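Colleague: how does the following fold in three dimensions:
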Amino acid sequence: MSYASVAVIRCADYGADEVSTAVLRQFEFFGGLDKFVSRGDSVLIKPNFITPRSRRHAAQTDPAVLLATAKILKDFGTRPFIGDSPAWGNIFACVKALKLEEPLKKLSIPVRQLDAPKKCKIGKGDTRIGISSVALDADVIINIPKLKTHQQLTATFAVKNMFGCVSGKHKALWHFRKGRNVDEFCEMLVDIYRFLGPVLTIIDGVRVMDGRGPISGRARPLGWIIGGTDPVACELVCCRLVNIDPQTLPIIKTARQLGFGCCDLEKVELLGDDFSNEICTDFELPLLVPVRFSLPHVFRSVCKQVVFLAGITVRSPNGFARRLKKPSDG
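Modeller: Here you go, the predicted model:
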């Protein structure tokens, strides 16, 4: 089993200077920016945008973490952009809810919906999954998820965030196709992560969600930014931070079965700040519901998305108004 390193950086709040320092330390602990990116690279910053909700809900990656990462990358000479395919709404609505439009415009950081799927053979079984060509065309991907509970998978920290590169409501269809068996669904998540190969994961654990995640849980302070090149090792450390038995997380269990990542906390080198006396012991886990969506659920979800996309006009951070096309428009 492989060894890995994970950096845990104290970050008490979302003050710009404190977050920027914490994010920069993540890169420095793992060899510096030039180990991950080159000047001129197109860099997809992949947040966890799930539904248009403000930062106070802690349902999405906080704007401060995204802005700090984008500025660091831009100052280095790369071409960063924010991209995701939220389960509800679209990325522009999520950006608006987070009040990110103007800050991103000032930094000249584009926002792109992860659409235009391309069928890719994923995993040992060569399952053909539609992965956004926007994500595939990026030179580098940096994964920036949110630490939170999940009613279907107990909690999600690193691996599942790359599922957002599956375009739009195709995610709901894969919940139906693979969700009958949790192990099979998690194997797909691991395979997608491995296929896309983010160079670094930086987890927003400053303000997190417990209870009925990933949308309707309780927002609460935790005060850490966690990162590493091995997402499973990052998941193990997050479990330790919030006092969860990693054996209860289906993603970690599946990763161990597949031989993916470092699945033994004793083989994880901890970098950064000591958290041994700051373990969260009252992190509330959710009551679990099935991973599999029923066909009526998928149908309703798709219909809601069609109505949403047909009727909303959004303004992208570059200042241009854009009316989203209906799916039938191509």
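Colleague: please make it C-alpha for all contacts and neighbour counts, starting now.
Modeller: Will do.
Colleague: distance check, Arg79 against Leu44.
Modeller: Arg79 is 9 Å from Leu44, where distance means CA to CA, to the nearest Å.
Colleague: more neighbours, the two?
Modeller: Neighbour count, other CA atoms under 10 Å: between Arg79 and Leu44, Leu44 has more, with 26 against 21.
Colleague: ramachandran coordinates for the residue lying closest to the more buried one once chain neighbours are set aside?
Modeller: Residue nearest to Leu44 in three dimensions, not counting chain neighbours: Ile141, with 4.7 Å by CA to CA, 6 or more residues apart in numbering. Backbone torsions of Ile141, given as degrees, to the nearest 10, read phi -120, psi 130.
Colleague: what of the one 3 residues further on?
Modeller: Summarising the backbone geometry of Ile144 under the convention degrees, to the nearest 10, its torsions are phi -130, psi 80.
Colleague: got the contact list for it?
Modeller: 45-48, 61, 66, 158, 161, 201-204 (CA atoms under 8 Å, 6 or more residues apart in numbering).
Colleague: do the same with Asp245
Modeller: Cys239.
Colleague: give me that answer again for 10 Å
Modeller: By CA atoms under 10 Å, 6 or more residues apart in numbering, the contact set of Asp245 is 236, 239.
Colleague: quick one: it from Ala155, how far?
Modeller: 11 Å.
Colleague: find the residues that touch each one of these two.
Modeller: Cys239.
Colleague: what's the neighbour count on the residue nearest to Arg212 when sequence neighbours are not counted?
Modeller: Nearest residue to Arg212, sequence neighbours excluded (CA to CA, 6+ apart): Pro286, at 5.1 Å. Neighbour count for Pro286, taken as other CA under 10 Å: 19.
Colleague: test my guess that Pro286 contacts Thr156.
Modeller: No. Taking contacts as CA atoms under 10 Å, Pro286 lies outside contact range of Thr156: 11.9 Å.
Colleague: what's the overlap in contacts for the two?
Modeller: 149-150, 213-214.
Colleague: just those: which are in strands?
Modeller: 149-150 (DSSP state E).
Colleague: of the shared contacts of Pro286 and Thr156, closest to Thr281?
Modeller: Thr149 (14.5 Å; CA to CA).
Colleague: isn't that closest one right up against Glu284?
Modeller: Yes. If you go by CA under 10 Å, Thr149 and Glu284 touch, sitting 8.3 Å apart.
Colleague: who's more crowded, these two?
Modeller: Taking neighbours as other CA under 10 Å, Thr149 and Glu284 compare with Thr149 leading, 27 against 17.
Colleague: thinking again about what came up before, what's around the residue nearest to Leu44, how many residues?
Modeller: 26.
Colleague: next one: Leu271
Modeller: By other CA under 10 Å, neighbour count at Leu271 equals 17.
Colleague: quick one: it and Phe27 touch, right?
Modeller: No. If you go by CA under 10 Å, Leu271 and Phe27 don't touch, sitting 11.9 Å apart.
Colleague: hey, what's in contact with both of these two?
Modeller: With CA under 10 Å, 6+ apart as the test, Leu271 and Phe27 both reach 7, 227-228.
Colleague: restricted to helices, list these.
Modeller: Using DSSP state H, no member of the shared contacts of Leu271 and Phe27 sits in helices.
Colleague: buried ones among these?
Modeller: With neighbours counted by 16 or more other CA atoms under 10 Å, those contain buried members at 7, 227-228.
Colleague: closest to Asn277 among those?
Modeller: Distances from Asn277 to those, taken by CA to CA, are shortest for Ala7, at 16.4 Å.
Colleague: once you drop chain neighbours, what's closest to that closest one?
Modeller: Leu271 is the one closest to Ala7 (CA to CA, 6+ apart), at 4.4 Å.
Colleague: ok, now Glu184?
Modeller: Counting by CA to CA, 6+ apart, Glu184 lies nearest to Lys178, which is 6.0 Å off, once chain neighbours are set aside.
Colleague: for Gly213, see how far away that neighbour is.
Modeller: 21 Å.
Colleague: of those two, who's got more company?
Modeller: Legend: neighbour count by other CA under 10 Å for Lys178 and Gly213, higher for Gly213 (25 against 18).
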